[in-house]
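> predicted model follows, preceded by the sequence.
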Amino acid sequence: MRNWVIRYTFFFLGLLCFGLGIAISVKVKHLGLHPWDVLNVAFSEKFGWSIGTWSVIVGMVLILISLFVSRKYINIGTFLNALLIGPFMDFFLWMDILPQATYTWFDYVWLLAAMLIIGIGGGLYVAGGIGAGPRDGFMLTISDRTGLSVSKARISVECVVLVVGFLLGGPIHIVTFLYTFILSPVFQVSLNVFARLREVLCEKGPSEAKV
């Protein structure tokens, strides 16, 4: 039971951080967004509905495609990821407690903070071991089916997403192309830290070991 509680606590806190990070980045979207967020913002501005709603829709579409191709990477965590990050982000934007864009160098500080929070959130929810997100699962499925490496599959998919977002008028700037270089190392470090923390927290105490 303790292991279950710890895993899901990590998972949900990670999703919450992820949503907060994206909400902050949306506030300074003129600097550029991650390709998937470029697409969600473009859909929102083009067709209405909130950015978080489009995040859910896109996530569920990816899950549906993955289910038809391969169910290997689809589980309860995949659905929870798709259904919750968008509403968490919308909640933080709706609260209107985040700083507005100043169109100065200070916006870069907030964007860096957003990237750090997203990277930490990603490491936290993955360390929970509940399951991959719909986008990660989709790219892993593409990798399996095409024989491409995971990194090449990710680059290929995100390039297509970026082009579609651009054609729909999504916010693309130089920072868009820096996301991977910043997020990846932050995610890796946070994943290692939280995975180890989870192991420590889940270790049986002396009284439990005797039972």
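Great, that's in hand.
> in the protein, which spans are helices?
Along the chain, counting by DSSP state H, helices occupy 2-27, 35-47, 51-69, 76-95, 106-127, 134-146, 150-167, 179-202, 206-210.
> in the first one, which residues are buried?
Of the residues in helix 2-27, those scored as buried under the neighbour-count criterion (16 or more other C-beta atoms under 10 Å) are 6-7, 10-27. Yep, even glycine has a C-beta here, placed from its N, CA and C like the rest.
> in this structure, where is pLDDT below threshold?
Residues of the chain that meet the criterion pLDDT under 70 lie in 204-211.
> residue 109: neighbour count?
Residue 109 sits with 13 neighbouring residues when counted by other C-beta atoms under 10 Å.
> give me the distance between it and residue 167.
Counting by C-beta to C-beta, to the nearest Å, the gap from residue 109 to residue 167 is 31 Å.
> for residue 27, same thing?
24 Å.
> now residue 83
27 Å.
> neighbour count for the two, which is higher?
Taking other C-beta under 10 Å, residue 83 and residue 167 do not tie; residue 83 has more neighbours (16 against 9).
> what's near enough to touch that one?
Taking C-beta atoms under 8 Å, 6 or more residues apart in numbering, we find residue 83 in contact with 56, 59-60.
> may I see the PyMOL selection of the buried members of the residues you listed?
Remark: buried members of the contacts of residue 83, expressed as a PyMOL selection using 16+ other C-beta under 10 Å:
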select buried, resi 56+59
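> and which of the contacts of residue 83 is nearest to residue 195?
Of all those, residue 59 has the smallest distance to residue 195: 24.0 Å, by C-beta to C-beta.
> contact partners for the residue lying closest to the closest one once chain neighbours are set aside?
On the basis of C-beta to C-beta, 6 or more residues apart in numbering, the spatially nearest residue to residue 59 that is not a chain neighbour turns out to be residue 82, at 3.1 Å. Applying C-beta under 8 Å, 6+ apart to residue 82 gives the contacts 56, 59-60, 62-63, 133-134.
> ok, 7 Å please
For residue 82, the contact set (C-beta atoms under 7 Å, 6 or more residues apart in numbering) comprises 56, 59-60, 63, 134.
> can you list those in a markdown table and add distance to residue 33?
Output for the contacts of residue 82, formatted as a markdown table (distance: C-beta to C-beta, whole Å):
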| residue | distance to residue 33 |
| --- | --- |
| 56 | 17 |
| 59 | 16 |
| 60 | 20 |
| 63 | 22 |
| 134 | 18 |
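> biggest separation within these, which pair?
56 and 63 (10.5 Å).
> if we can go back for a sec, quick one: the residue nearest to residue 59 from residue 67, how far?
Distance of residue 82 to residue 67, given as C-beta to C-beta: 12 Å.
> for residue 135, same thing?
The gap separating residue 135 from residue 67 is 15 Å, by C-beta to C-beta.
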